[in-house]
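J.: coords please:
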Amino acid sequence: MKKLFYLGFALVLAAGVGCALTNYQLITDNDQLKNQSAPTSTVNTNGKAHVIESSQIATVYPDFLEETLWFVDQRTNGDRTLTTYINRTTDPVYYGGPNAQFHDDLYCNPDWQGCAVVTAQDPEVGDVDIYDYAYNPRCESGPTVYYLFSTTRYYGECGRSLQDVGALIMMGQPKKDGLFYLLTPANTNILLTSKSDGTTTAMTLPGDVSVFVSGQRDRHATVDLTNPVFGSFKNALATHGEIHGANNEITLQFNGLSKTFATRLMIDNLHNGAKRF
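T.: Prediction:
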């Protein structure tokens, strides 16, 4: 048992200190916004997700500590781009300073700083070399990256979708048994991108929209569109569909959060709905 422990510890050191990720396993999940729930549903990470380490190793230098951070950006077809960043801590706890020497995933934060020291393309099919990579010496802040690493998916990832939900909850104003949100022309943007001609049109809210999400049933939300100016807004949406086509991607941006989804504008219904105001 003791020999196995020391061997495992040595492997952790070899793989964890100065290690750049160049090959990773397909990310699947059964909790996606799809019409299927099979465990093999391929995840679109919608940007970089932080790979959660099984252990964290910091390299000690005379005046700072460094650790490497891995990120995976997986597309719908399973192709991935892997990036390795260096997290440097000056005046760390290790030297009696005030700064934390490891990043903490208790709050699942997928953000990064600076530029990637190593970038690796990791296609799901036809990956000729699992250790191919591009190295950017201008991003290296110390002699930290020593290894190229290929691994199966036993860490898990810290993606942005779940974090956005948490951030959205924090933006809500407690009211009765739920959360109240106020969407205004200042904090909300709507972009329509036509699937027919590629045109992107910005649609400005003509007024404020109040949204109430029930705390008892968090899948229940009430959207107040009683303001009569929203009649013209519906007509504007219909006109966009008439000119650029009904099939669109709509991106809703609220206080820095963004969500894009595919839709087909029902032009006649929008015009008829505008007459109600």
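
J.: Remind me which helix or strand residue 88 belongs to.
T.: strand 80-90 (DSSP states H and E).

J.: Please point out which parts of that strand sit buried.
T.: By 16 or more other CB atoms under 10 Å, the buried positions in strand 80-90 come out as 80-89. Just so you know, the C-beta spots here come from the backbone N, C-alpha and C atoms, and that holds for glycine as well.

J.: Let's have those residues in TSV, adding pLDDT.
T.: Shown next, in TSV, are the buried residues of strand 80-90 (pLDDT from 0 to 100):
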residue	pLDDT
80	97
81	97
82	96
83	94
84	90
85	90
86	86
87	83
88	84
89	82
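
J.: wait, residue 172 sits on residue 212?
T.: No: the criterion here is CB atoms under 8 Å, and residue 172 misses it with residue 212 at 9.3 Å.

J.: what touches both of those two?
T.: Between them, residue 172 and residue 212 share these contacting residues under CB atoms under 8 Å, 6 or more residues apart in numbering: 178-181.

J.: Buried members of the residues you listed into PyMOL, please.
T.: Buried subset of the shared contacts of residue 172 and residue 212, written as a PyMOL selection, criterion 16+ other CB under 10 Å:
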select buried, resi 178+179+181
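
J.: ok, so of the shared contacts of residue 172 and residue 212, who is nearest residue 98?
T.: Closest approach to residue 98 among the shared contacts of residue 172 and residue 212 (CB to CB): residue 179, at 35.3 Å.

J.: Isn't the closest one up against residue 170?
T.: No: using CB under 8 Å, residue 179 is not in contact with residue 170; the gap is 9.6 Å.

J.: Identify each of the helices in the stretch 1-150 of the chain and give its residue range.
T.: Secondary structure of the stretch 1-150 of the chain, counting by DSSP state H, counting those that start in this stretch: helices at 2-16.

J.: Low-confidence stretches in the stretch 101-250 of the chain?
T.: Along the stretch 101-250 of the chain, the parts satisfying pLDDT under 70 run over 105-107, 140-144, 146-147, 154-155, 160-167, 214-221.

J.: still on that earlier bit, just how off-centre is the strand holding residue 88 within its chain?
T.: Relative to its chain's centre, strand 80-90 lies at 16 Å (CA atoms, centre = their mean, to the nearest Å).

J.: list the helices and strands that strand packs on?
T.: Helices and strands touching strand 80-90, by 3 or more CB pairs under 8 Å, 6 or more residues apart in numbering; DSSP states H and E, are strand 19-23, strand 64-74, strand 118-122.

J.: The longest one: partners in the sheet, and parallel or antiparallel?
T.: The pairing partners recorded for strand 64-74 under DSSP bridges are strand 49-51 (antiparallel), strand 59-60 (antiparallel), strand 80-90 (antiparallel).

J.: so which of the ones you listed gets nearest residue 270?
T.: strand 49-51 (36.3 Å).

J.: ok, residues contacting that closest one?
T.: Here strand 49-51 makes contact (CB under 8 Å, 6+ apart) with 21, 24, 27, 69-74, 105, 108-110, 112, 155-160.

J.: quick revisit: go ahead and produce PDB holding the CA coordinates of the strand holding residue 88.
T.: What follows is strand 80-90 as a C-alpha-only set of coordinates in PDB (Å, rounded to 0.1, in the frame of the first residue of the first chain):
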ATOM      1  CA  ARG A  80     -12.500  20.600 -28.600                       C
ATOM      2  CA  THR A  81     -10.000  23.300 -28.200                       C
ATOM      3  CA  LEU A  82      -7.800  22.900 -25.100                       C
ATOM      4  CA  THR A  83      -6.000  25.900 -23.500                       C
ATOM      5  CA  THR A  84      -3.500  26.000 -20.600                       C
ATOM      6  CA  TYR A  85      -3.100  29.100 -18.500                       C
ATOM      7  CA  ILE A  86      -0.700  30.000 -15.700                       C
ATOM      8  CA  ASN A  87      -2.000  31.200 -12.400                       C
ATOM      9  CA  ARG A  88       0.700  33.200 -10.600                       C
ATOM     10  CA  THR A  89       0.400  34.300  -7.000                       C
ATOM     11  CA  THR A  90       2.700  36.900  -5.500                       C
END
